[in-house]
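Asker: this is the structure alone, sequence omitted:
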């Protein structure tokens, strides 16, 4: 039984080492993708470079575009869907937890075959985890939108402060 537990722990560690470092790689910081709607109805989309006090600086089609605050009707923060990654993480954690539970819990159905109990519990909890991760990843990846036109300067400044966190250059010197 100790050998099975040791193999299970080693497998879980190997899987976590393969899955977790993906977000830790050193990359150049990228700004969020924005879709800015002007008062005249035209839209401009691009990467958010910086948020200034009275304008937004976007990189659109290889050019820097500065959009003044009085010209902006609304700003939409376009996020990538994270449903696939959420489902994968949910399945991995659910299957690992289920396998450990299958090993630890006494089950009358699988008394003689702990490997079958680990597989059954892992499959059930892995499916539940994948569904949960899919839902959470989908919700996290939803676009957020903010209307600038007609809002008070104080409200817009609070939104600008939140939007700075998504810029390539969060704080200008």
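Answerer: Alright, I've got the coordinates. Because the structure is a prediction, the values reported are computed rather than measured.
Asker: what's the closest non-adjacent residue to residue 145?
Answerer: Computed as CB to CB, 6 or more residues apart in numbering, the closest residue to residue 145 that is not its neighbour in sequence is residue 76, at 4.3 Å. Yep, even glycine has a C-beta here, placed from its N, CA and C like the rest.
Asker: wait, a strand at residue 162?
Answerer: No: going by DSSP: H, G, I helix; E, B strand; the rest coil, the assignment for residue 162 is helix, not a strand.
Asker: tell me what the residue nearest to residue 145 is bridged to.
Answerer: Assessed by DSSP bridges, residue 76 has beta-bridge partners residue 35, residue 145.
Asker: tell me the contacts of it?
Answerer: Applying CB atoms under 8 Å, 6 or more residues apart in numbering to residue 76 gives the contacts 34, 35, 36, 37, 143, 144, 145, 146.
Asker: residue contacts, the second one?
Answerer: Listed by CB under 8 Å, 6+ apart, the contact partners of residue 35 are 43, 44, 45, 75, 76, 78.
Asker: for the third one, same thing?
Answerer: Contacts were defined as CB under 8 Å, 6+ apart; by that measure residue 36 touches 43, 44, 45, 56, 58, 67, 72, 74, 75, 76.
Asker: try the fourth one
Answerer: Residue 37 sits next to 43, 72, 73, 74, 75, 76 when contact means CB under 8 Å, 6+ apart.
Asker: run a quick neighbour tally on the fourth one.
Answerer: Going back to what we said before, that points to residue 74. Neighbour count of residue 74, defined by other CB atoms under 10 Å: 15.
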